[in-house]
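[1] Turn this into a structure:
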Amino acid sequence: MNHRVAITGTGLISPLGDSAGDLLSALCGGRTGVSKLQDFSSNGHRCHLASRLLHFRPEKYLSGRPLRPLDRASQLATAACGLALRDSNWSSEQRSNFDVALVLGTMFGGMHTIAEFDRTALVSGPASVSPMSFANTVINAAAGQAAIWHNLRGVNSTVAAGNVSGLWAAGYAADLIRYRQSNAVLAGGVDEFSVESFLGFERTGLLCANGASPERPIPFDSRRNGFVLGEGAGFLVLEDLDHAEARGARVLAEVKGYTTAFDYSQGRDSTLAVRTLVRSMHGALSESGFAPDDIDFVSASANGSVSLDCVELMALGLVFGDSANELPVTAIKCGIGEALAASGPAQLSTAIETFRTGKLPGVVGLEELPLGCPLKGIRSKAIEIAAKRALINAVGFDGHCLSIVLASLDK
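    The predicted structure is shown next:
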């Protein structure tokens, strides 16, 4: 239980860059990956925005084997895993002699692959479907494909806990290391943009606009009216600290604590929703041994949701008390949209970059905080900050809450 968990590498595929440095630089520069929908008609839809990977080409990241067995979600995951392994200096030779584990989080997996498989079978008959496509219709397909591609022979798990799945995968990976189930785990998440997921979120009324105009998917802004659906993949290499130092790895940060909690009202009871997130944050802080005043900044889950952003604001106010008014808070989904399982790993990666660079991105587009907001440290512009400890939140649509405390390495 006392084994320390180090992060030794990160790998991202995002609309704002393919590294944590690129993503942080873009966010601090006020850039956003949100744009008008281009590749399918938005006529008849209330939301016309998305955060897409418009220029993703798997050949840029993956070579030496046929790509045909991998659908788009598997391509994204496998590419991001490769970037994280390279950043952590895990060579193919090392992996052939060591059982590196993989924990992958996803909300939908290859949603478009699943839907297309079903459509083909219904319209043209079962004989018309591709046997190769069938392998990608299960939610753990991406984890299997990435492990095969990168020769990851350790534990292989898929976490399916909605949009918090990617951060949950990192927490679960940390537990695997603490309990000595593995010395090295590749952990993160992937979700692709698909017409099917877009329509599902729009019909629930969660996407920005929802009949209002203009669309304002701005986290915490008083005029926010829903989120923008994004996509991407993000993975981190977590290792036992002693093991990482023994192999000469560069240690980027340390996972100090994490806790999950569940709101059984699924947001229908706002008081219970706030209490659930408060319990999650208190649990992570308690496990880390830090007090709220020890935290230098928060990477919030906020995505522009009318209700959940309010829940997070209230919960942060209760946890941080009198110091909440000056607490620096960022919400990177202003730039990448709600990337579902890819969001949490992106939050962790940019937090690590903030430790390194001393730059904390603002909430791009933020103009006015809600009346009575307990946090005045939420800004639209990037700030300079000497940060060593961060709290990262993930708040789910269906009641899941998760918090992780991250710190720069302190020997």
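[2] for this protein, what spans make up the strands?
    5-13, 34-36, 49-51, 101-105, 156-159, 184-191, 232-240, 253-262, 297-299, 329-330, 359-360, 383-384, 389-395, 400-407 (DSSP state E).
[3] For these, please prepare JSON lines with the additional fields mean neighbour count, mean pLDDT and distance to residue 314.
    Just so you know, the C-beta spots here come from the backbone N, C-alpha and C atoms, and that holds for glycine as well. Below are the strands of the chain laid out as JSON lines (neighbours: other CB atoms under 10 Å; pLDDT from 0 to 100; distance: least, CB to CB, whole Å):
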{"stretch": "strand 5-13", "mean neighbour count": "26", "mean pLDDT": "98", "distance to residue 314": "30"}
{"stretch": "strand 34-36", "mean neighbour count": "16", "mean pLDDT": "93", "distance to residue 314": "26"}
{"stretch": "strand 49-51", "mean neighbour count": "25", "mean pLDDT": "95", "distance to residue 314": "27"}
{"stretch": "strand 101-105", "mean neighbour count": "30", "mean pLDDT": "98", "distance to residue 314": "26"}
{"stretch": "strand 156-159", "mean neighbour count": "20", "mean pLDDT": "97", "distance to residue 314": "27"}
{"stretch": "strand 184-191", "mean neighbour count": "33", "mean pLDDT": "98", "distance to residue 314": "26"}
{"stretch": "strand 232-240", "mean neighbour count": "32", "mean pLDDT": "98", "distance to residue 314": "28"}
{"stretch": "strand 253-262", "mean neighbour count": "22", "mean pLDDT": "97", "distance to residue 314": "15"}
{"stretch": "strand 297-299", "mean neighbour count": "26", "mean pLDDT": "98", "distance to residue 314": "14"}
{"stretch": "strand 329-330", "mean neighbour count": "28", "mean pLDDT": "98", "distance to residue 314": "13"}
{"stretch": "strand 359-360", "mean neighbour count": "22", "mean pLDDT": "98", "distance to residue 314": "22"}
{"stretch": "strand 383-384", "mean neighbour count": "12", "mean pLDDT": "97", "distance to residue 314": "23"}
{"stretch": "strand 389-395", "mean neighbour count": "26", "mean pLDDT": "98", "distance to residue 314": "12"}
{"stretch": "strand 400-407", "mean neighbour count": "27", "mean pLDDT": "98", "distance to residue 314": "13"}
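[4] okay, and the helix or strand of this structure with the least pLDDT?
    Lowest mean confidence among the helices and strands of the chain (mean pLDDT, DSSP states H and E): helix 131-134, at a mean of 81.
[5] in that helix, what's buried?
    Neighbour counts over helix 131-134 (16 or more other CB atoms under 10 Å) mark residue 133 as buried.
[6] Who are the packing partners of it?
    In terms of contacts (3 or more CB pairs under 8 Å, 6 or more residues apart in numbering; DSSP states H and E), helix 131-134 is packed against helix 111-124.
[7] quick one: contacts of the helix it packs on?
    Outside helix 111-124, the residues that touch it by CB atoms under 8 Å, 6 or more residues apart in numbering are 71-73, 128-130, 133-134, 136-137, 192, 194-197.
[8] ok, and the closest non-adjacent residue to residue 272?
    Nearest residue to residue 272 in three dimensions, chain neighbours excluded: residue 265, at 4.9 Å (CB to CB, 6 or more residues apart in numbering).
[9] on that earlier part again, please tabulate the strands of the chain in JSON lines, including the columns distance to residue 141.
    Putting the strands of the chain into JSON lines (distance: least, CB to CB, whole Å) gives the following:
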{"stretch": "strand 5-13", "distance to residue 141": "17"}
{"stretch": "strand 34-36", "distance to residue 141": "28"}
{"stretch": "strand 49-51", "distance to residue 141": "23"}
{"stretch": "strand 101-105", "distance to residue 141": "10"}
{"stretch": "strand 156-159", "distance to residue 141": "9"}
{"stretch": "strand 184-191", "distance to residue 141": "11"}
{"stretch": "strand 232-240", "distance to residue 141": "14"}
{"stretch": "strand 253-262", "distance to residue 141": "25"}
{"stretch": "strand 297-299", "distance to residue 141": "29"}
{"stretch": "strand 329-330", "distance to residue 141": "33"}
{"stretch": "strand 359-360", "distance to residue 141": "36"}
{"stretch": "strand 383-384", "distance to residue 141": "41"}
{"stretch": "strand 389-395", "distance to residue 141": "23"}
{"stretch": "strand 400-407", "distance to residue 141": "22"}
